[in-house]
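In: Provided below are the primary sequence and the corresponding predicted coordinates.
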Amino acid sequence: MLKKYIYKFENGIAWSRHKISNKQFIFLSSVLVGISVAFAVIVLKTFAHKIFTFATYVTNISLFKYGFIKGMLPIIGILLTVFVIKKFLGGSIEKGTSQILYAVAKKASIIPRKQMYAQIMTSSLTVGLGGSAGLESPIVITGAAFGSNYAQRYKLGYKDRTLLIGCGVAAGIAAAFNAPIAGVLFAIEVLLVDVSIAAFTPIMIAAATGALVSKIALDESILLSFKQQQTFDYHNIAYYIMLGLFTGLISVYYSRNFQRVEHFFSKLKFTPYKKAFFGASILALLIFIFPTLFGEGYESIKTLSENDPGQLLENTIFSDFRNNSWVLLLFIGMTMLLKVFASGITLGSGGNGGNFAPSLFLGSYAGFFFSNFLNLTGLTKLPISNFTLVGMAGILSGLFHAPLTAIFLIAEITGGYDLMIPLMIVASISFAISKRFEKHSLDVKNLARKGHAFTSNKDANILSTLDTNSIIQTDYLTVSPEENLEKLVDLISHSNQVIFAVVDKEKNMLGIVHFNDIREIIFNQYRVKYTLIKEIMRTPVDLIYPTDSMEIVMNKFEKAKTAFLPVLKNGKYYGFISKSMALEAYRTKLKSMTIE
């Protein structure tokens, strides 16, 4: 019966596809994608919250003290995640939002259908059962998959597919935080290469739809939101500048150590289950000592911003020091430093999740640590709750290189814009510091390592999507060094070539000859007959290899100041690349990637 109604509903959408304009259909589609993604968010968030509540309840009534129960659950969660991946998802699953960038650039915005449910299944098990990661990255990937597959279902083109991917992403973030502006900015600032002003409308519609559905159907206590904050005092500007520097350096610390942990686990020669058990056991030990590392950690962020942060020490091995401010500060500092290892172990050992929630967790702890330390030393009296909230923007901006998303997300979840000035200061400084030491954001670093770097430089982004091999011309005629110019003149008169590679019998390239090199002697019959090609050939200014990226190719053209460059493959002459063809390929790609 349900299938029958779904079939009728899909037929109705297909019918409307041909009855209304394309722009109107995209507006309708953005609403439908927003609703779908919002319900996926509701399922994920509710499940994770229920498990956290259950674990906390069992811990409180258990005969086992401290975080023993919470420490055991992630082992179960990560092992179950590995089991689901092996048995139901083909043995592998792509993690991180960078795969969306890759799909848009390299796969014509085609995202596999399984990503519509794979991320929900695996991340709910990992994070819901206590893995120290976040649900936002899986939510973003799920939203992108909904948008892409919806577009494929109704045979929309590349631009519309990409636009609906942006709609799904925006709706996911908007629903997860009830923050539609942050959802729009995240989609545009982090994921989409180039978007025109006209494309904002469907993305805004999707974000508003996702936030509205979330607000109606999701328990507000599950969302990360804050109602308490102190008034912004401009006298604290210097300390906010210092916080920006601090969070920027912490962002670099997190980014580098997260990569190290993931690299360590990728090199382990264990079976998937052994790797999962090994990593989850280490994570269990960390959570036993620092129970705040359990799950997303949003509950502890709320506690930290309230008037009694000492609650974090309850049911821990430090519970006897609940009222000792310095022990609490040490606990916060250690948790802050260990979060990267907890998150890296969670994902590296086989779990699924993302770094969005850990960045907010780390930011709140960094802001609290910074302000509370200064207060305890008696140097000043800072509003700890404000610094706790603003610190989240600092780390989010530093890790994801997304200052606008960070600023407006924290502004929205705090229920006002009173902190806008410190948010702008901290987010921008943290971004600048992080960018100074880390060229790419955390999620893009894996792509960069594989040669698929995506940055805020639009030219570099577009060039990275072009395939060098596609513009190599291999049908160019060649000449021998021992031949005279009569042979070359004959080839020029019967072809459109103006440049020739000089090669030996083994196809080793000895030099090149351009038409301009013989222009002055071409009508001198004597010189043409008795001049050998090897006498007038010259060494090429530079060489290109098929493995070179298009960005490297264009840099070589820029330095060489020439219209043609020869290509060598396996040390042998292979062909030429024309600068005009490279520029034409760039212009064609630019036009196809501009979302209007």
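Out: Alright, I've got the coordinates.
In: Which secondary structure elements does the host helix or strand of Tyr586 sit against?
Out: Per DSSP states H and E, Tyr586 falls inside helix 579-593. Using 3 or more CB pairs under 8 Å, 6 or more residues apart in numbering; DSSP states H and E as the contact test, the elements touching helix 579-593 are helix 158-177, helix 458-464, helix 550-560. Yep, even glycine has a C-beta here, placed from its N, CA and C like the rest.
In: Kindly calculate the angle that the last one makes with helix 579-593.
Out: Orientation check (axes from the mean of the first three to the mean of the last three CA atoms, to 10 degrees): helix 550-560 against helix 579-593 gives 140 degrees.
In: which residues touch the helix or strand that helix 550-560 is followed by?
Out: Moving toward the C-terminus from helix 550-560, the next helix or strand (DSSP H and E) is strand 564-569. Outside strand 564-569, the residues that touch it by CB atoms under 8 Å, 6 or more residues apart in numbering are 472, 498-499, 501, 509, 512, 514, 540-546, 553, 556-557, 573-579.
In: Ok, stretch 212-220 next?
Out: 34-35, 38-39, 41-42, 45-46, 49, 174-176, 178, 223.
In: Go through these and say which is closest to Lys445.
Out: Ala176 (23.4 Å; CB to CB).
In: how close does that closest one get to Asn508?
Out: Distance of Ala176 to Asn508, computed by CB to CB, to the nearest Å: 59 Å.
In: Please apply the same query to Phe369.
Out: 63 Å.
In: do Arg519 as well
Out: From Arg519 to Asn508 the distance is 27 Å (CB to CB).
In: Going by secondary structure, the residue nearest to Ile181 when sequence neighbours are not counted is in what exactly?
Out: The shortest distance from Ile181 to any non-neighbouring residue, by CB to CB, 6 or more residues apart in numbering, is to Phe408 (4.7 Å). For Phe408, the host element (DSSP H and E) is helix 403-413.
In: Now do Met72: how many residues are near it, please.
Out: 20 (other CB atoms under 10 Å).
In: ok, it - contacts?
Out: Each residue near Met72 by CB under 8 Å, 6+ apart is listed here: Ala284.
In: What does the pLDDT read for it?
Out: Listed pLDDT for Met72 reads 82.
In: on that earlier part again, rank the helices and strands packed on helix 579-593 by pLDDT, which is bottom?
Out: helix 458-464 (a mean of 66).
In: And the next helix or strand past that one?
Out: Per DSSP H and E, the helix or strand that comes after helix 458-464 is strand 478-479.
In: partner strands of that next one, parallel or antiparallel?
Out: The pairing partners recorded for strand 478-479 under DSSP bridges are strand 499-503 (parallel).
In: Render the CA-only coordinates of the helix or strand that the strand it pairs with is followed by in PDB, please.
Out: Later in the chain than strand 499-503, the nearest helix or strand by DSSP H and E is strand 509-514. The C-alpha trace of strand 509-514 is given here as PDB (Å, rounded to 0.1, in the frame of the first residue of the first chain):
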ATOM      1  CA  MET A 509      63.000  13.600 -28.300                       C
ATOM      2  CA  LEU A 510      66.100  15.600 -29.300                       C
ATOM      3  CA  GLY A 511      64.500  19.000 -29.800                       C
ATOM      4  CA  ILE A 512      61.800  21.000 -31.500                       C
ATOM      5  CA  VAL A 513      61.500  23.100 -34.600                       C
ATOM      6  CA  HIS A 514      59.000  25.900 -35.000                       C
END
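In: residues in contact with strand 509-514?
Out: Under CB under 8 Å, 6+ apart, the answer for strand 509-514 is 479, 481, 488, 498-504, 533-534, 536-540, 564, 566, 568, 572-573.
In: Within the helices and strands, which one has the residue lying farthest from the centre of the chain?
Out: Here the centre of the chain is the reference, and by CA atoms, centre = their mean the most remote residue is Tyr526, at 65.3 Å. Per DSSP H and E: Tyr526 is located in helix 525-530.
In: Which neighbouring elements make contact with that helix?
Out: helix 485-493.
In: distance between the helix it packs on and the chain's centre?
Out: Relative to its chain's centre, helix 485-493 lies at 54 Å (CA atoms, centre = their mean, to the nearest Å).
In: avg pLDDT for it?
Out: 82.
In: and if you look at stretch 568-588?
Out: Stretch 568-588 comes out at a mean pLDDT of 88.
In: distance between the ends of that stretch?
Out: End-to-end distance for stretch 568-588, by CA to CA, to the nearest Å: 26 Å.
In: Name the residues of it that are buried.
Out: By 16 or more other CB atoms under 10 Å, the buried positions in stretch 568-588 come out as Leu568, Lys569, Tyr573, Tyr574, Gly575, Phe576, Ile577, Ser578, Lys579, Ala582, Ala585, Tyr586.
In: neighbour-wise, which of Arg519 and Asn508 wins?
Out: Taking other CB under 10 Å, Arg519 and Asn508 do not tie; Asn508 has more neighbours (12 against 9).
In: Helices of the stretch 201-350 of the chain, residue ranges please.
Out: Along the stretch 201-350 of the chain, the segments classed as helices by DSSP state H, counting those that start in this stretch run 237-267, 272-289, 298-305, 325-348.
In: Output the ones you listed in TSV, with mean pLDDT and distance to Leu379 appended to each entry.
Out: Putting those into TSV (pLDDT from 0 to 100; distance: least, CB to CB, whole Å) gives the following:
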stretch	mean pLDDT	distance to Leu379
helix 237-267	95	10
helix 272-289	92	30
helix 298-305	84	21
helix 325-348	94	14
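In: For Thr468, which of those is the nearest?
Out: It's helix 237-267; of the helices of the stretch 201-350 of the chain, that one is closest to Thr468 (CB to CB) at 27.6 Å.
In: quick revisit: of the contacts of strand 509-514, buried ones?
Out: Using 16+ other CB under 10 Å, the buried ones in the contacts of strand 509-514 are 479, 488, 499-503, 533, 536-537, 540, 564, 566, 568, 573.
In: Looking at the residues you listed, spot the one nearest Leu163.
Out: Looking across the buried ones among the contacts of strand 509-514 and measuring by CB to CB, the closest to Leu163 is Phe564, at 38.3 Å.
In: Tell me how far Tyr586 lies from Ala284.
Out: 51 Å.
In: any weak-confidence spans in the stretch 401-550 of the chain?
Out: Applying pLDDT under 70 to the stretch 401-550 of the chain flags the ranges 416, 448-462.
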